[in-house]
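Novice: Return a 3D structure for these sequence lines:
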Amino acid sequence: MQAVILHCEKNSRFHFGETTEIRSNTLTDTSVYIHSDLLFSAFISQLSVIEPSKVEVFVEYFTKQQIGISSAFHCLEHTSSKQKIFFLPKPVSLNLFHQEDLDHKKFKKIQFLSWKVWQEQLLPNEWFDANKCRIIDGRFVVHQSEINHADELIGLSVFKKEDSLKVRKHTQEVEGNLYSQTDLFLLGNDYFSVHWYFLCQTNLPSEDENLFWKVWESLIKTGIGGERSTGAGQMESLTKYKDLPELFLQKASQEVALSLIFPKEEEKASLHLYQTKLRGGMFLAENYRLKVVQAVLEGAIHQGLQGQIVHLHHQASDGIRLRNGLAFSIALPSKYSVYTMQPLGFYKI
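Specialist: All right, here's what the predicted structure looks like:
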């Protein structure tokens, strides 16, 4: 396993569309990180340009779990020391944590924990202890030891969402051509830059391993997400980072999902605590859209869930549309266990 860092310039703009029931609303929101199914789609799309004969081969590699990728989360890099702070989604089990003097409004806003906080298994009451942790944007918890000086956090924001009004160009309609689009901007400050990273595991023949990385290098130039023709989705470079916490390589009875998962019907009993969202549903024509599927979100707690790649569309005229819902998971720290937080059973929250 290794981390793959996708380096970005300050104020890099992205749009990761969300599923909506109304076609005119497809651009009105964006995810704040890159879900694994989008990474997969971008990879396969770029592979089809570079080496189209290998598409089915690589889909099979993913299916047989010879390739595994997480979603892409945020990474801070210190501009002078180059020290990196990687974030993971908060395990859903921690939503069950309760303590009388805890500020639950602030607690609910937390979405991401740094690797160091994860390793130390710090609990929510410790996140708000200034001797142990710092909180960025109200969403990101970092370990005190990861920040050299408190001044480095002044003016630091990881990202912002921004809405803009646009005009539809390719239409004959006279009215109703204004629409709103939400974009995501990666920010930072004078001390920290913000990048994406995802975790990756491969077990491939050497020739295809080289092709795998060639595709990612090519994607850096092409970009990921919507609005690429206007400069969105652009990245600068890719680096591999192999110094991972030992905790990531351990085994445990409970695991936490670091990717979107489309569970098979027979696997649903393996889910303990989870949240869901709809994926797919892209409009291909006025009265036709791709199938909509329900995904289990990153941070879900499960036991041995595998997931699946689903077919959203298959027509001879325009090919196959796939969504990757295979699980990429790591061991859940014992202090974050479902049983530690809440002994009453397994349920959706």
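Novice: What is the burial count for residue 205?
Specialist: 11 (other C-beta atoms under 10 Å). Every C-beta, even on glycine, is put in place using the N, C-alpha and C of the backbone.
Novice: One more: residue 249?
Specialist: 10.
Novice: my read: it touches residue 1, true?
Specialist: Yes. Contact criterion C-beta atoms under 8 Å: residue 249 and residue 1 qualify, at 6.6 Å.
Novice: Remind me which helix or strand residue 324 belongs to.
Specialist: strand 319-326 (DSSP states H and E).
Novice: What strands line up against that strand, and which way round?
Specialist: Paired neighbours of strand 319-326 in the sheet (DSSP bridges): strand 307-315 (antiparallel).
Novice: Rounded mean pLDDT for the partner strand, please.
Specialist: Taken as a whole, strand 307-315 has an average pLDDT of 75.
Novice: can you map out the helices along the stretch 201-349 of the chain?
Specialist: Assigned by DSSP state H, counting those that start in this stretch, the helices in the stretch 201-349 of the chain fall at 206-222, 338-341.
Novice: What residues does the nearest residue to residue 112 once chain neighbours are set aside make contact with?
Specialist: Closest residue in space to residue 112, ignoring its immediate chain neighbours: residue 87 at 4.0 Å, by C-beta to C-beta, 6 or more residues apart in numbering. Residue 87 makes contacts with 73-76, 112-115, 140, as judged by C-beta atoms under 8 Å, 6 or more residues apart in numbering.
Novice: Sitting in helices, which of those do you find?
Specialist: residue 115 (DSSP state H).
Novice: nearest to residue 31, of the contacts of residue 87?
Specialist: The nearest member of the contacts of residue 87 to residue 31, counting by C-beta to C-beta, is residue 73 at 11.2 Å.
Novice: That closest one against residue 33, yeah?
Specialist: Yes. Shown here, residue 73 and residue 33 form a contact pair, counting by C-beta under 8 Å, at 5.2 Å.
Novice: Determine the residues that are contacts of both of those two.
Specialist: Both residue 73 and residue 33 are contacted by residue 196, under the criterion C-beta under 8 Å, 6+ apart.
Novice: Sketch out the low-pLDDT regions of the stretch 101-250 of the chain for me.
Specialist: Low-confidence segments of the stretch 101-250 of the chain, defined by pLDDT under 70, are located at 165-179, 226-231.
Novice: Identify each of the strands in it and give its residue range.
Specialist: Under the criterion DSSP state E, counting those that start in this stretch, the stretch 101-250 of the chain contains strands at 112-114, 133-136, 140-143, 157-167, 178-188, 192-202, 237-241.
Novice: Now do the fifth one against strand 157-167, angle only.
Specialist: Per axes from the mean of the first three to the mean of the last three C-alpha atoms, to 10 degrees, the angle that strand 178-188 makes with strand 157-167 is 160 degrees.
Novice: For strand 178-188, which helices and strands make contact with it?
Specialist: Applying 3 or more C-beta pairs under 8 Å, 6 or more residues apart in numbering; DSSP states H and E, we find strand 178-188 packed against strand 13-14, strand 157-167, strand 192-202.
Novice: returning to what we had before: I'd like to know which of the strands of the stretch 101-250 of the chain is closest to residue 274.
Specialist: Closest to residue 274 of the strands of the stretch 101-250 of the chain is strand 112-114 (C-beta to C-beta; 17.5 Å).
Novice: Each with direction, which strands does that closest one pair with?
Specialist: Using DSSP bridges, the strands paired with strand 112-114 are strand 84-89 (antiparallel), strand 140-143 (parallel).
Novice: tell me the most buried of the helices of the stretch 201-349 of the chain?
Specialist: helix 338-341 (a mean of 18; mean count of other C-beta atoms under 10 Å).
Novice: Model confidence for residue 44, exactly?
Specialist: For residue 44, the pLDDT comes out at 94.
Novice: what's the answer for residue 283, then?
Specialist: 53.
Novice: cool, and the one 5 residues further on?
Specialist: Looking at residue 288, its pLDDT stands at 55.
Novice: got it, and residue 346?
Specialist: Taking residue 346 on its own, its pLDDT is 41.
Novice: cool, and residue 23?
Specialist: Listed pLDDT for residue 23 reads 49.
Novice: Also the one 10 residues further on?
Specialist: At residue 33, the pLDDT value in this model is 95.
Novice: In contact with it: list those residues for me.
Specialist: Residues in contact with residue 33 (C-beta under 8 Å, 6+ apart) are 16, 71-74, 196.
Novice: And for residue 14?
Specialist: Residues in contact with residue 14, defined by C-beta under 8 Å, 6+ apart, are 30, 34, 183-186, 224-225, 232-233.
Novice: same thing but 7 Å
Specialist: Residue 14 makes contact with 183-184, 225, 232-233 under the criterion C-beta atoms under 7 Å, 6 or more residues apart in numbering.
Novice: Throw the residues you listed into CSV and include distance to residue 308, thanks.
Specialist: Listed next are the contacts of residue 14 as CSV, based on distance: C-beta to C-beta, whole Å:
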residue, distance to residue 308
183, 31
184, 28
225, 24
232, 30
233, 27
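Novice: Contacts for stretch 189-198 next, please.
Specialist: Contacts for stretch 189-198 (C-beta under 7 Å, 6+ apart): 3-8, 10, 34, 39, 69-79, 86, 152, 155-156, 158-159, 186-188.
Novice: I'm done for today, thanks for sticking with me.
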